[in-house]
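Colleague: just a sequence and a predicted model for now, questions to come.
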Amino acid sequence: MNENFSALYNAILEGDVAVTKASVQVALDAGLEPGSILADGMIAAMKEVGRLFEEGDYFVPEMLIAARAMQAGLLLLKPHLLSSDVKSAGRVAIGTVKGDLHDIGKNLVALMLEGAGFEILDLGVDVAPEKFIESIKTGGANIVAFSALLTTTMPNMKTTIEAIQAAGLRDKVKIIIGGAPVTQAYADQIGADGFSSDASRAVSLVQTLMGAVA
Ligand code: B12
């Protein structure tokens, strides 16, 4: 763990919203780089939460309160991650697939894309294929992005691509996928156009693909 962020890291591990917010503010005031506060302090803590859950030291309530602290810290960090003078570079519909309620990673990808000038249609969590289809038909999405954090919900990425195909819309959009269990091999297997393992790489991926759809 990065020593600069030990208070922030521990606050998220303990799910302490007040200390998380205070620690983000202290780090910002100290001039630490927002991207580093996010990656080395906050995402590092969520990884540890996952490890503790796997080990049987944490249970769902602990994960939940850690996630709450993470979201509160993100809200404070958000304006510092966004640059203001960018105009729309395309429209991205993003959602966590059906059956899956994890949204922190999805929100981060949305935030980074927004910061890079993309318009975001955030479809939320537990998103049925029909809702993704609507985002293309009436929402005008150029790119559709699926997030999944569970091995049991990953197959819903495939189902959603098939539904988009069946609706005759597959060649209207580029589809990208991501989330902790997702891999490039899986993206290739289900016919997605792209995969990225983190939010900042998602930005360059979407920029490349927008070049391809424009
Ligand atoms: C917080 C958390 C929860 C919270 C979620 C709160 C919320 N609002 O999101 C709660 C408590 C609700 C929860 C519930 C459950 N969880 Co949970 N959870 C986590 C935990 C600890 C952290 C996830 C997280 O936010 N990570 C931080 C973010 C920033 O990372 P990320 O999501 O991976 O996103 C990054 C990349 O993947 C990528 N990315 C993400 N999405 C996308 C999309 C695109 C398009 C792209 C390009 C990139 C991209 O960019 C992001 C930023 O860099 C993980 C552990 C882990 N290591 O992932 C377990 C974990 C995902 N959960 C797990 C489990 C088992 C569950 C439950 C089934 C537990 C239960 N028995 O009820 C339920 C399922 C509920 C449901 N139906 O969804 C398991 C999944 C195991 C598996 N392989 O399937 C994990 C891995 C824990 C573990 N180690 O066992 N969970």
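Modeller: Looks like it arrived, so ask away. Residues are numbered from 1 along each chain as shown.

Colleague: wait, what's in contact with residue 164?
Modeller: In this structure, residue 164 makes contact with 129, 132-133, 136, 144, 170, 173, 175, judged by C-beta atoms under 8 Å, 6 or more residues apart in numbering. The C-beta positions use only the backbone N, C-alpha and C, and glycine is treated the same way.

Colleague: what about it, distance to residue 136?
Modeller: Between residue 164 and residue 136 the distance is 7 Å, computed by C-beta to C-beta, to the nearest Å.

Colleague: what is the burial count for the spatially closest residue to residue 27 that is not a sequence neighbour?
Modeller: Closest residue to residue 27 apart from its sequence neighbours, by C-beta to C-beta, 6 or more residues apart in numbering: residue 37 at 4.8 Å. With neighbours defined by other C-beta atoms under 10 Å, the count for residue 37 comes to 26.

Colleague: quick check: residue 37 vs residue 11, distance?
Modeller: For residue 37, the distance to residue 11 (C-beta to C-beta) stands at 12 Å.

Colleague: next, show the common contact partners of residue 164 and residue 136.
Modeller: Shared between the contact lists of residue 164 and residue 136 (criterion: C-beta under 8 Å, 6+ apart) are residues 144, 173.

Colleague: coming back round to it: out of the contacts of residue 164, which are close to the ligand?
Modeller: Counting by C-beta under 6 Å from any ligand atom, the subset of the contacts of residue 164 that neighbours the ligand is empty.

Colleague: next helix or strand past the lengthiest helix in the chain?
Modeller: Once the chain is assigned using DSSP state H, the helix that runs over the most residues is helix 60-81. The helix or strand immediately downstream of helix 60-81 is strand 91-97, counting by DSSP states H and E.
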